[in-house]
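1. Quick check, what structure comes out for this input:
(chains A and B)
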Amino acid sequence: MLDLNDIVRDTERVRAALLRRGEQDPPVDRIVELDSRRRELIATSDADRATRNSVSKQIGDEKRKPTPEEIARMRETNDRIKAAEQELETIQQQIRELILPLPNLPLEDVPEGLNSDSNITVESHGEETHIAGAQAHWDLATELGILDMEAGASISGARFYVLKGKGARLSRALASWMLDTHSNDFGYTEIEPPLLVRGETMTGSGNLPKFKDNLYRDDESDLWLVPTAEVALNGLHQGQIIEPDRLPLKYVAQTPCFRKEHTAAGRDVRGIKRVHQFEKVEMFRYVEPEESERHLEEMLTEAKTLCERLGLAYRVLKLCAGDIGFQSAKTFDIEVWAPGSGEWLEVSSISTCVEFQARRNNTRYRPAAGEQVRMPHTLNGSGLAIPRIWIAVLENGQQPDGSVVIPEVLRPYTGFDRIEPRA
RNA sequence: GGAGAGGUGGCUGAGUGGUUGAAAGCGCCAGUCUCGAAAACUGGUAUGUCGCUUGCGGCAUCGGGGGUUCGAAUCCCCCCCUCUCCGCCA
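-> Sure thing, here's the model as predicted:
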């Protein structure tokens, strides 16, 4: 959530930043207008309340009953307070409804541009290889008997899939290896969070109210299925004041992610690149604002390290202002090369949300004993998205004889070093 | 799901209508003492919001919401959460 004070005091800067990311006519003027009425109402009703408090206190101090005149006057005052409160309530609600759908402001160094064409490739590692007779995973994996798209469709419908045998095992191996790497090598604390979360939690991360169409929800219990572990990890400290010396907090979680993907109908229809339910390992950090750039770089390095250890070619994109996610102030994407489908697959998206999420869910920290509380920055990044990495491992590992070689680092987890074609 | 108990500041824990935004203890910060530290003593120590002469003042907040009252942490109603016992259950 954007800071109301920023909008009021720095209106033009906020407007410009929002326009940069492609917002059409953000309602900042309306917000400023509502805020000035809001302040007015607070001033008058606080004055009335001060009167009420001092009169009541006087009566109490003098240990007597109020006079009929006092009662009459106080009733009048109370009526005024009540009226002001009601209007204030309405206005605050209006302000909230205008601010909550506003996205985060891009940082200065985020490239100009309104769509993915303006993203900048900042780094690449390895070659865009071409394997003679290479198959895309939907053919390759189906032939190997480790992926069953039809079973997925028959159980649950389009964009659901079933992994079988070594395919399922490979998926689990990837998840375990990544979690171990994050915990053992990078110092993250592993978390197993709830997958069903309250509306407030979903609002805190930025997924509500704007993106409710992409979320699954149980009406009866009013709980929402997480589209990413980021939602739950962001909720871990909501409403809390984090004690001094606890930052940075580094969490990692592997969870299923549930997404309706209505908006993407027709895109990426083949295979398991874009599905309604998938596994993902997610990194999340709470850090001091001054440190957040460094942490963003560190998380990027960690995600790249995973790709390197798997022997995958990748490139790093710095997203332009129009292409970063709603809650993000700056984002890097990592894409790995999939020679079978012949495309770069986005396997990680690493963002700093600065204090956007902390403000939304009222997470604060105390820098040192006795000091003012502040809002931490939150950062998140995939580390990594399992099905897409699964695709890349398969498509890159395919051999002329039809088998697939498993990367060295995964073998202790898979228990096999190749997947053989069916007889 | 049934029965009971409870939710107060960073923590423990008093407080059943009027100098209680909140006792006391712990923790933390500063000072005194000390060569230094500990102990002891003294003072300070919530969050949010509004205003202005930026340090002060007003207001709000004792799980959340509503009500009664001149006045609510305290009384009434609804909801949420935690604990104990019973039931059910992977």
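
2. Just list the residues touching residue A:365, thanks.
-> A:241, A:242, A:243, A:244, A:246, A:247, A:286, A:288, A:373, A:374, A:375, A:376 (CB atoms under 8 Å, 6 or more residues apart in numbering). All C-beta spots, glycine's among them, are computed from the backbone N, C-alpha and C.

3. give me that answer again for 10 Å
-> By CB atoms under 10 Å, 6 or more residues apart in numbering, the contact set of residue A:365 is A:237, A:240-247, A:249, A:286-288, A:358, A:371, A:373-376.

4. cool, residue A:48 as well?
-> Contacts here follow CB under 10 Å, 6+ apart; on that basis residue A:48 touches A:76, A:77, A:78, A:79, A:80, A:81, A:82, A:84.

5. chain center to stretch A:321-330, what's the gap?
-> 11 Å (CA atoms, centre = their mean, to the nearest Å).

6. Tell me the residues of the stretch 51-200 of chain A that contact RNA strand B?
-> Residues of the stretch 51-200 of chain A lying close to RNA strand B by CB under 7 Å from any atom of the strand are A:52-57, A:59-61, A:65-66, A:70-71, A:74-75, A:78.

7. if you skip the residues just before and after it, what's nearest to residue A:344?
-> Sequence neighbours aside, residue A:335 is the residue nearest to residue A:344 in space, at 3.8 Å (criterion: CB to CB, 6 or more residues apart in numbering).

8. Wait, that neighbour touches residue A:307, no?
-> Yes. Between residue A:335 and residue A:307 a contact is recorded at 9.5 Å, counting by CB atoms under 10 Å.

9. per-domain residue ranges of chain A.
-> Annotated domains of chain A cover A:4-99, A:116-419 [automatic domain parsing].

10. circling back to that earlier point, please enumerate the shared neighbours of residue A:335 and residue A:307.
-> A:313, A:314, A:315, A:316, A:347, A:348, A:392.

11. for the fifth one, phi and psi?
-> To tie it back to what came earlier, the one meant is residue A:347. phi -110, psi -10 (degrees, to the nearest 10).

12. what about it, how many neighbours?
-> 28 (other CB atoms under 10 Å).

13. same check, this time on the first one
-> Per other CB under 10 Å, the neighbour tally for residue A:313 reads 20.

14. contacting residues for the nearest residue to it once chain neighbours are set aside?
-> Leaving aside its chain neighbours, residue A:313 sits nearest to residue A:126 (2.9 Å; criterion: CB to CB, 6+ apart). Counting by CB under 10 Å, 6+ apart, residue A:126 makes contact with A:307, A:308, A:311, A:312, A:313, A:314, A:315, A:336, A:337, A:396.

15. I'd say residue A:261 and residue A:157 touch.
-> No. With contact defined as CB under 10 Å, residue A:261 does not reach residue A:157; the gap is 11.9 Å.

16. Need the residues touching each of these two.
-> In contact with both residue A:261 and residue A:157: residue A:276, using CB under 10 Å, 6+ apart.

17. the more surrounded of these two?
-> residue A:261 (16 against 9).

18. Just read off the phi/psi values of the residue minimising distance to the centre of chain A.
-> Among the residues of chain A, the one closest to the centroid is residue A:230, at 4.8 Å (CA atoms, centre = their mean). Dihedral pair for residue A:230: phi -50, psi -40, per degrees, to the nearest 10.

19. same thing with residue A:332?
-> phi -110, psi 140.

20. now residue A:380
-> Main-chain dihedrals, residue A:380, degrees, to the nearest 10: phi -140, psi 150.
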